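1. everything below, folded, please.
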Amino acid sequence: MTGNVKYFDSTRRFGHIVPEGKKLEDKASQVFFHETDLEAGAKIPDKGEEVEYELVPHCPWKRALWVRPLNKRAYAPVREMRKGAAYGTD
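-> The predicted structure is shown next:
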């Protein structure tokens, strides 16, 4: 499923997603997500950013099981491992 981030509260570390094709005012269709639901390496998405997500099955309210930003720039850069005797990787 895809949608756009309505907002993300950085102090409380959660936000809501508006599913694709739904109106911003339709609160019943919004999906809750927590910072821990983000895919590994993904940065916190900005307001309006498009994301892909999956819902928790059999949950009485809409909660994301995982969230993946569709924008490739939303991922933290991967560091290269240094090689050599000083780093223990001869």
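2. can you pull out the low-pLDDT segments for this structure?
-> 72-90 (pLDDT under 70).
3. for it, longest strand please?
-> The longest strand of the chain (DSSP state E) is strand 2-9.
4. after that one comes which helix or strand?
-> Using DSSP states H and E, the helix or strand that follows strand 2-9 in sequence is strand 14-19.
5. C-alpha coordinates for that following strand, CSV please?
-> As requested, the backbone C-alpha atoms of strand 14-19 are provided in CSV (Å, rounded to 0.1, in the frame of the first residue of the first chain):
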residue,chain,number,x,y,z
PHE,A,14,5.0,8.9,15.8
GLY,A,15,3.0,10.1,12.8
HIS,A,16,0.1,9.4,10.5
ILE,A,17,-0.1,8.3,6.9
VAL,A,18,-3.0,9.3,4.5
PRO,A,19,-3.6,6.3,2.2
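6. what pairs with it, and is each one parallel or antiparallel?
-> strand 2-9 (antiparallel), strand 31-34 (antiparallel) (DSSP bridges).
7. buried ones in the first one?
-> Spelled out, that is strand 2-9. Across strand 2-9, burial judged by 16 or more other Cβ atoms under 10 Å covers 3, 4, 5, 8. In short, each C-beta sits where N, CA and C put it, glycine included.
8. what about residue 43, how many residues nearby?
-> 13 (other Cβ atoms under 10 Å).
9. again with residue 42
-> So residue 42, with other Cβ under 10 Å, has 18 neighbours.
10. in CSV: the strands paired with strand 14-19, plus distance to residue 53.
-> What follows is the strands paired with strand 14-19, written out as CSV (distance: least, Cβ to Cβ, whole Å):
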stretch, distance to residue 53
strand 2-9, 7
strand 31-34, 6
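11. closest one to residue 22 among these?
-> Proximity to residue 22, assessed across the strands paired with strand 14-19 by Cβ to Cβ, is greatest for strand 2-9 (7.6 Å).
12. now residue 29, what are its backbone angles?
-> Torsion angles at residue 29 (phi, psi; degrees, to the nearest 10) stand at phi -90, psi -10.
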